[in-house]
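> Got a sequence here, can you build the structure:
(2 chains)
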Amino acid sequence: MPKRLLGLLLVLPALAVIVLLFVVPLAASAVGAFQTESGFGFGNFTKSLELYTSDVIFTVVIVSISTLLIGLFSIAIGGYLTLGENPRAVALLRWLYRWPMFIPFIVVGQVLRTFLAKNGLMNNVLIGLGVITPLQAISFLDWRGIVIAFVWKQTPFVALLVAGAMSSVDRGNIEAARNLGASRLRILVEILVPQVATTLMVGLVLSFVTMMSVLSVPLMINAQSPTMITADIAFRINAYGDYGVANALGLISLAVTSCVAWFYLRYSMRERA
Amino acid sequence: MSVAASRAPALPGIRIDLWWIPRGVVLALLAFIIFGPLTNLVLWTVAERWYFPHTLPIDYGLSYWGRVFSPRGNAMESLSNSIFVAFLTVVASLALAIPAGYALARLKLPFRALILLAFLIPQAFPNLPVYVNIARLFYQIGLNGTVPGVVLVHVTHGLVYAVWIATAAFAAVDTELEQAARSVGASAMRAFRDVTLPLAAPGLLASAIFVFLESLDEFTGSYFVGAPDVNMMPLLLYTASAGGNYQIASITALLLLIPSIGFMLVVERFLKSDVLSKVGH
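Model (predicted):
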């Protein structure tokens, strides 16, 4: 029994930090969302939806598209790393794909802001190669820029998790399928992906939440309307000091992520049952 | 078959692996997608003048570097602020995470899985509304706009890496070594200090670097809690970029990038697979 007490004592300070500096403010945000000048009510929510419905939809669509693309690309990368038969190409890909992972979001914002601009390096290279004419050059600094930034930054993280899980799948299964004449694509879709589904889902849910709370990318790439909820929250605080609407918007984004988490939990429960 | 094809380069002149054409195209495209934006960034750091429709900068030079590193520029102040805050964050996080990680890895804890999950909370909820309310709370107790305030926010954010990696690092140390030390008469504290801690050190170092980088790169918390009194690198990057000063923004971005990429290249030396496979267990 004293050993258990000692263990709890050792964990307690770290746990206290999380509770005091995360759980309490989170609760304050939930309570604050219902606080209006005339007492508790749904005033902040009606105001939020009046002003920002299109931004809420925009955010959900952007983050969902990004999550889907991240999933597809990381399966492709993980699949090639596991099933690729040319060791040199596999080594090259393994070296290549991870670069954006540790690049901070704020830097990703700045880097892609210059790269995707009308006179950015991307358009310049395309013009140089003769793919497009200078008049056809367009800026990608709108919703596409945000999606590109998210996919660019988050794919390596999910791919790393997926590739790790794939490499621990029993090679015997893969060899057997291969000997029976299954194509590599079929092995990927029918053997590898189902076996790493849980890891893939964890990576995607974490990415979804991360993307929902990134402020720097929408601020740097596309701050005009429609923009993402995070940019609206920052604007409400900085321009009006309006904590009520900011907290209501926060609670809305929390509700969106909770939906995703709930789907994930239901899925993993069914897997275990 | 393709096994034979991949051996083809060993027999020059006999067979050329045509698969290198699609492979080369895809890998080159991927390389452009990844290194194109980074090249653009580096070009901006040495561009004196660059505007549409010029494909490349008109003049090259390092005058903006001089401006960033001039002793009176606010870049040096934010650089030292960022490093100072990151250092304090690492110290505080490890002081909290080493005992917690040891307890979670070795001692029998009630609700162990639940406690481990609790540290994931800051990653599992959108943290922007939380930072907004922390800023409000800190403002009331006078912590807003101070270095300790920013450090506390960064510790909360980095604790999940610190605790999870420390737990995995301690779990990867063989229990029998500790028992052997105890059986020859070492006290529990001594066994921990002389056996377990040195063996877990590479993993702990990895978690320290993780926390350091997370703190260095953190934008949202610093934006609400630190600005405008505590100026940090990411904030400088944001204001420079918003003001259209792409050179200063790119140089700042490059300074933030170098430690991150350096870490990516050496991470596997610190985080061995025996530790990695225990993360989250």
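> Could you check how far the helix or strand encompassing B:L213 is from the centre of its chain?
If you go by DSSP states H and E, B:L213 is part of helix B:197-217. Mean C-alpha position of helix B:197-217 versus that of the full chain (Cα atoms, centre = their mean, to the nearest Å) differs by 9 Å.
> Give me the buried stretch members for it, please.
Residues of helix B:197-217 classed as buried: B:197, B:199-200, B:202-217 (neighbour count, 16 or more other Cβ atoms under 10 Å in any protein chain shown). Yep, even glycine has a C-beta here, placed from its N, CA and C like the rest.
> give me the subset of these touching chain A.
Applying Cβ under 8 Å from any Cβ of the partner chain, the subset of the buried residues of helix B:197-217 adjacent to chain A comprises B:L213, B:L216, B:D217.
> Let me know the pLDDT of whatever residue of chain A ends up closest to chain B.
Proximity of chain A to chain B (Cβ to the nearest Cβ) peaks at A:G250, 2.6 Å away. Here the pLDDT value assigned to A:G250 is 89.
> Check A:K153 too.
pLDDT at A:K153 comes out at 92.
> Tell me if I'm right that it and A:F102 touch.
No - A:K153 lies out of contact with A:F102 (Cβ atoms under 8 Å); the separation is 9.7 Å.
> Compare these two (neighbour count), which wins?
A:K153 (27 against 23; other Cβ atoms under 10 Å in any protein chain shown).
> dump the residue contacts of the closest residue to that one other than its chain neighbours.
Closest residue in space to A:K153, ignoring its immediate chain neighbours: A:V108 at 4.8 Å, by Cβ to Cβ, 6 or more residues apart in numbering or on different chains. Residues counted as contacts of A:V108 (Cβ atoms under 8 Å, 6 or more residues apart in numbering or on different chains) are A:P100, A:A149, A:W152, A:K153, A:V217.
> which of the residues you listed has the most neighbours?
Result: A:A149 is most packed of the contacts of A:V108 (other Cβ under 10 Å), 31 neighbours.
> Do you know the pLDDT at it?
Value for A:A149, per-residue pLDDT: 94.
> Quickly note the distance from B:W20 to A:K153.
To A:K153, B:W20 is 29 Å away according to Cβ to Cβ, to the nearest Å.
> Then B:A168?
Counting by Cβ to Cβ, the gap from B:A168 to A:K153 is 25 Å.
> Which parts of the chain are strands?
All of this refers to chain A. In chain A, the strands defined using DSSP state E lie at A:35-36, A:39-40.
> looking at chain B here, not the other one
B:47-49, B:59-60.
> To chain A, which of those lies closest?
strand B:47-49 (10.0 Å).
> Which residues does the closest one contact?
Under Cβ under 8 Å, 6+ apart, the answer for strand B:47-49 is B:P57, B:I58, B:D59, B:Y60, B:G61, B:S63, B:Y64, B:Y246, B:Q247.
> who does that strand pair up with?
Strand pairing for strand B:47-49, determined by DSSP bridges: strand B:59-60 (antiparallel).
> if we look at the strand it pairs with, which residues are touching it?
B:V46, B:A47, B:E48, B:R49.
> what residues are up against the closest residue to B:N144 other than its chain neighbours?
Take B:N144 and drop its neighbours on the chain: the residue closest to it by Cβ to Cβ, 6+ apart is B:F138, 4.1 Å away. When contacts are counted by Cβ under 8 Å, 6+ apart, B:F138 touches B:N144, B:G149, B:V225.
> just to revisit the earlier point, closest to A:Y243 among the ones next to chain A among the buried residues of helix B:197-217?
Taking Cβ to Cβ as the measure, A:Y243 sits nearest to B:D217 out of those, at 26.6 Å.
> The closest residue to that closest one other than its chain neighbours - how many residues pack around it?
In space, and not counting its chain neighbours, B:D217 is closest to A:P104: 3.2 Å by Cβ to Cβ, 6+ apart. Residues lying near A:P104 (other Cβ under 10 Å) number 23.
> Tell me the predicted confidence for A:P104.
For A:P104, the predicted pLDDT is 86.
> which bits of the stretch 51-200 of chain A sit near chain B?
So the stretch 51-200 of chain A meets chain B at A:85-87, A:89, A:92-93, A:96-107, A:109-115, A:118-122, A:124-125, A:127-128, A:134, A:152, A:164 (Cβ under 8 Å from any Cβ).
> Narrow those to those that are buried.
Buried members of these, counted by 16+ other Cβ under 10 Å: A:86, A:89, A:92-93, A:96-107, A:109-115, A:119-122, A:124-125, A:127, A:152, A:164.
> and the residue of chain A closest to chain B, how far is that from A:Q224?
With Cβ to Cβ as the criterion, A:G250 and A:Q224 are 22 Å apart.
> From the neighbour counts alone, determine which of the two ranks first.
The neighbour comparison of A:G250 against A:Q224 (other Cβ under 10 Å) goes to A:G250, with 31 against 8.
> which residues touch the residue nearest to that one when sequence neighbours are not counted?
Of all residues not flanking A:G250 in the chain, B:P129 sits nearest, at 2.6 Å (Cβ to Cβ, 6+ apart). Counting by Cβ under 8 Å, 6+ apart, B:P129 makes contact with A:P25, A:L26, A:S29, A:I233, A:A246, A:N247, A:L249, A:G250, A:L251, A:S253, A:L254.
> Over to A:I252?
A:F45, A:S48, A:V56, A:I229.
> Centroid-nearest residue for chain A?
Compute the mean C-alpha point of chain A, and by Cα atoms, centre = their mean the closest residue is A:S207, 2.9 Å away.
> which residue packs closest to B:N231, ignoring adjacent ones?
B:S78 (4.4 Å).
> count of neighbours near that neighbour?
23.
> quick one, what contacts it?
B:N231, B:M232, B:M233, B:L235, B:L236.
> any idea how far chain A is from it?
Here the distance between B:S78 and chain A works out to 13 Å (Cβ to the nearest Cβ, to the nearest Å).
> repeat for B:P99
4 Å.
> surely that residue meets A:L12?
No - assessed by Cβ under 8 Å, B:P99 is found out of contact with A:L12, at 9.1 Å.
> So for the two, which sits in the more crowded spot?
B:P99 (19 against 16).
> Contacts only, for that one.
Per Cβ under 8 Å, 6+ apart, neighbours of B:P99: A:L10, A:V11, A:P13, A:A14.
> and if you look at B:Y223?
Neighbour list for B:Y223: A:L215, A:A234, B:Y131, B:P234, B:L235, B:Y238 [criterion: Cβ under 8 Å, 6+ apart].
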